[in-house]
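Colleague: The following comprises the amino acid sequence and a computationally predicted model.
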Amino acid sequence: MNDGIRAVMLLSDGYGGFGGIAKFNRDFIAALNASDRIEHVDVLPRAIAAPIDEPIPEAVVYDRKAAAGKLAFLRRTSRRAVVGGPVDWVICGHCHLLPAAWALARCRRARLALIVHGVEAWTAPGNAIERWLAGDIDALISVSRLSAERFAAWSRWPVEKTCILPNGVDLDRFMPRPRNSGLLSRYGLTGGRVILTVARLAANERAKGCDEVIALMPRLLARYPDLQYLIVGDGLDRPRLAAKAEALGLGNAVVFAGRVDEADKVDTYNLADAFVMPSRAEGFGIVLIEAAACGLPVIGSRIDGSREALLDGELGWLIDPGDADDIYAAIAATLDAGRPRHRNAAVEVFSDRRFVQRVGDWLARTATAETWPSSGRAGGWAL
Amino acid sequence: MCGIAGVFGFGRSAGPDDAAVVARLNALQSRRGPDGEGLWTDEGGRVVLGHRRLAIVDIGAAGAQPMADASGRWLISFNGEIYNYRELRRDLEAQGCRFLTHSDTEVLINVVAHWGEAGLRRLRGMFAFALYDRHERELWLARDPYGIKPLYVASRDGVLWFASQARALAEAAPVDTGRSAAGLVGFYLWGHVPEPFAWWRGIGMLPAGHLQRIAVDKPLPASRCYSRVQDAFAAAPPAPIGSADLRAALLDSVRHHLMADVPVGIFLSAGIDSNAIAALATLAGAPPMSLTVTFDDYAGTDADEAPLAEAAAKRLGGPHRTVRIGREQFDAMRDDFLRGMDQPTIDGLNTYFVSHAAAGQGLKVALSGLGGDELFGGYPSFRQIPALLKFGRWASRHPRWVSALTSGLKGLARAGGPPKLTGLVSHSVDPGRAYMLRRALYLANELDALLDESWLRAGLEELQSERSLADTIAPPDAARLSFTEHAQIAMLESCWYMRNQLLRDADWAGMAHGVEVRLPFVDMPLLQRLAPAIASNAPPSKIDMAASVGGIPEEVIGRTKTGFTTPVRQWIARRDLHGRAGVRRGLRGWAAELHRLFRRLPEPLAGRRAAA
């Protein structure tokens, strides 16, 4: 039996956070806890948006003090560099935290792993130090091959050494269910056919493709008069999108549900007849596999990480987000098919069990890999 | 002896899998009882008792369990020994009871049948049992006052499951196997999981000296205390004990603990306790076979107990065997050791190895000197806690010094001194907290680096350690002056460290090899005889005890106590990923390692989902 691994994770957010990255981080932490190789994990979150209502895994200390602000985060990270016992791995959950993670890893003579998700890792940072640091990591975990390749293209990382760790979905929770009529009326849906996008509507995330679908709605309504487009998610871009729908005279054919409670998420997917996200910059697109797990026909982009989430088309329709006819054809085809929803068994490759297994495999591989110093450096900074 | 298990659907009819689960519990506890297996079902499967047998008394088929009495009204699954069963049987026969066997088990049934709850206080021995009354449709669960034998229970949806091992329940019964916050925090505080908590949320320990009577179609009642170790100290006014009386009391206990239909051996060290028992056992009958465990790393040092133990055994004249354990043996047996471990505990290795050796010699029963330190003030805590309390009284008179001192101690701890220094001032205020400082693996204020605040808050809240410690030594009636510090420490050591650490480890580590460990120093009649003396101003010391017993070599008496030590601290020293050895040593590192290994237990079972 090998000795247990002690890890420190630096995160943008996780518990008490929203969105795909927070979800990935929670899953990753839970998977570490499920591995008998892991002895202990200290987690330093950069932010905690909402009260934490999930149990923290028992091998994990979630340092809430670190989330109090940028200074607090740096203070807690520096503290961990000095006290709190040995560290074997520093796992950096976001490119922006790499300088702090790198310093911590070198101070504790620990190995450094970086997790990359999407656009944040696709282009080289302006800062030369950050560019250099990105080449000085010991392991790379990427949610998709695309993100790994884009990252490797500007950093010195050898892409073939990447651990590809796609998002997972709880298949016992996300499953086909009858429509929840209470939810239907709460969102102001009329009971006709529904197409759905779930996305953060941040001003800088127009790349989710809501614009393209709204623009298609007049054409779609001509053919499917009862159709409604349900947009779940919130952000600064919402007023602009609402105004755009208004300008097109779409009225209640476009419905903004805002951010949906975790408890209502599965029922919300199950209101829809198709899921559509003609995105341009998804690292992976966890909502695609959640929708697929609920048995929805899924339409996603062929030009970003969505393609991997949809298994090159096995799990859904791949479209070109720049080609309105292509998107229209896909939506029309799924609505015309109108078959009863059933889950495509291929989604099993993204089950949360497989996620845990992949993290375990990564730990096993790295445990037997070459020991420190792993990338030809002379040594760490001893304290 | 033995492992017990069962199910009682007190609030619902039998489930289709109930008997299968009890059979599985039996299988999981097979190491506790390699000599036989029994399963009994009644009420259409609503009550199932299981038993794994280690045959020691009335070893033929007649002594098999579960066992019914002559009337057929009562049925029992019992783990332990009733040392005074012959006296009890005579009394019961005089009152007209009939017996079908020569076992202590049948006597136990009749004690309860005849005297009811009051009968439990007549029992001399170690026991945990489940007794079903077919007339009243009622199940009795009980444990001995010291808590030598374990009994874990779990209830859910009108069904109660029980077993001798918490881990077996977690693996076989459809109970909540989420982590218990009290179990987790308790483990880091003490180095073991303190009763009544268990490592798994849905499981609990029936507290020592408690009885629980559960009737069909009635709500699950709480367990009740029928006898407390501490009460022995208040039962009679303090009075010193003479040497002859002390010797008679000890000999009486040893004599009773030799009761068996198979040979009884002894775990012999270089300490006074086991040598005293060996001398008394020789006096009571013949010199028993003795076994000593020592570690290769100690060869030629003072810590090597073998030479003294060998000389003592030679003097007594019985057969002796020394088992030397080296790093290789430890490595080879480590996995089995961890498989046998019921719940995470930082100790138990010594008993595990010596029991392994005993089993190798064909022994099923061995005496141990465990408990002598509690009776005769053998632990350093008997000196250290009074010193801490003295310091605390001084500190309370000099508040101005205290804050400076506190920060100074903090600095010292941070600079690499003993980490518990930080608690010196805050823990020197009463015996309970001073005891915690002395015995704790971690102080509560150190744990935030190891456990998330959500776990810590919930665990400390459930444990209520300070209040429980204070309750342990509270005088039974408010009018009485409090006990002496010496008596309070004896109570704390008996009811905390001994009960939750030593007795649990002696149980699982012995039972891992099918060896019953018997403890003449952990005996209620002996305590009742000695308690007034322990509570007096002249409590008997180890030297007094050795002198009264006689025949103990001078070198043993004069030997400075090394305490229970093994080189395991070195063996388990952490080798980190980069091959740098010994980054974290000692018991704290071992605790983290055990937490890691026990985090994933129970192993996912194929049939588990179906059973749930």
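Modeller: Cool, the structure landed.

Colleague: and the nearest residue to B:P476 once chain neighbours are set aside, how many neighbours?
Modeller: Spatial nearest neighbour of B:P476, excluding adjacent residues (C-beta to C-beta, 6 or more residues apart in numbering or on different chains): B:A234 at 4.8 Å. Placement of C-beta: from N, CA and C, glycine included. Residues contacting B:A234 under the criterion other C-beta atoms under 10 Å in any protein chain shown number 18.

Colleague: before we move on, what about A:N204?
Modeller: 11.

Colleague: returning to what we had before: is the residue nearest to B:P476 in contact with B:I473, as I believe?
Modeller: No: counting by C-beta atoms under 8 Å, B:I473 is not a contact partner of B:A234; they are 11.0 Å apart.

Colleague: Now list whatever residues contact both of these two.
Modeller: B:F483 (C-beta atoms under 8 Å, 6 or more residues apart in numbering or on different chains).

Colleague: Could you pull up the contacting residues of residue 166?
Modeller: In the absence of a named chain, this looks at chain A. So A:P166 contacts A:143-144, A:284, A:308-309, A:349-350, A:355 (C-beta under 8 Å, 6+ apart).

Colleague: let's do chain B instead
Modeller: B:150, B:152, B:198-200, B:203, B:205, B:342-343.

Colleague: what two of those are the furthest from one another?
Modeller: Among these, the pair separated by the greatest distance (C-beta to C-beta) is B:P150 and B:W200, at 14.1 Å.

Colleague: that older thread, ok, the contacts of B:A166 vs A:D273, which is closest?
Modeller: Once C-beta to C-beta is applied, the member of these that ends up nearest A:D273 is B:W200, at 44.7 Å.

Colleague: Do a quick rundown of the strands in the stretch 101-250 of chain B.
Modeller: B:125-133, B:138-143, B:152-156, B:159-163, B:204-205, B:210-215, B:224-225 (DSSP state E, counting those that start in this stretch).

Colleague: again with chain A
Modeller: All strands of chain A, identified by DSSP state E, fall at A:5-11, A:38-45, A:60-62, A:89-92, A:111-116, A:139-142, A:163-164, A:194-198, A:228-232, A:254-258, A:274-277, A:298-301, A:317-319.

Colleague: for the ones you listed, which one ends up most surrounded?
Modeller: Highest mean neighbour count among these (mean count of other C-beta atoms under 10 Å in any protein chain shown): strand A:298-301, with a mean of 30.

Colleague: Given that one, what are its sheet partners and their directions?
Modeller: According to DSSP bridges, strand A:298-301 forms sheet pairs with strand A:274-277 (parallel), strand A:317-319 (parallel).

Colleague: Distance to A:T123 and mean pLDDT for those - can I get that in JSON lines?
Modeller: Output for the strands paired with strand A:298-301, formatted as JSON lines (distance: least, C-beta to C-beta, whole Å; pLDDT from 0 to 100):
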{"stretch": "strand A:274-277", "distance to A:T123": "22", "mean pLDDT": "97"}
{"stretch": "strand A:317-319", "distance to A:T123": "24", "mean pLDDT": "96"}
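
Colleague: Tabulate those (CSV), appending distance to B:A270.
Modeller: CSV is the format used below for the strands paired with strand A:298-301 (distance: least, C-beta to C-beta, whole Å):
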stretch, distance to B:A270
strand A:274-277, 75
strand A:317-319, 78
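
Colleague: Quick check: which of these is nearest to B:S30?
Modeller: strand A:274-277 (53.4 Å).

Colleague: where in chain A is pLDDT low?
Modeller: A:1-2, A:368-383 (pLDDT under 70).

Colleague: I'd like to know which residues of it are adjacent to chain B.
Modeller: Residues of chain A lying close to chain B by C-beta under 8 Å from any C-beta of the partner chain are A:1, A:3-5, A:33-34, A:36, A:38-40, A:52, A:55-56, A:58-62, A:64, A:83-86, A:88-89, A:109, A:111, A:367, A:371-372.

Colleague: Return the members of those residues classed as buried.
Modeller: A:3-5, A:33-34, A:36, A:38-40, A:52, A:56, A:58-62, A:64, A:84-86, A:88-89, A:109, A:111, A:372 (16 or more other C-beta atoms under 10 Å in any protein chain shown).

Colleague: quick one on the thing from earlier: could you dump the strands of chain A to a markdown table with distance to B:A68?
Modeller: Below are those laid out as a markdown table (distance: least, C-beta to C-beta, whole Å):
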| stretch | distance to B:A68 |
| --- | --- |
| strand A:5-11 | 54 |
| strand A:38-45 | 50 |
| strand A:60-62 | 51 |
| strand A:89-92 | 60 |
| strand A:111-116 | 63 |
| strand A:139-142 | 63 |
| strand A:163-164 | 62 |
| strand A:194-198 | 65 |
| strand A:228-232 | 66 |
| strand A:254-258 | 67 |
| strand A:274-277 | 65 |
| strand A:298-301 | 65 |
| strand A:317-319 | 71 |
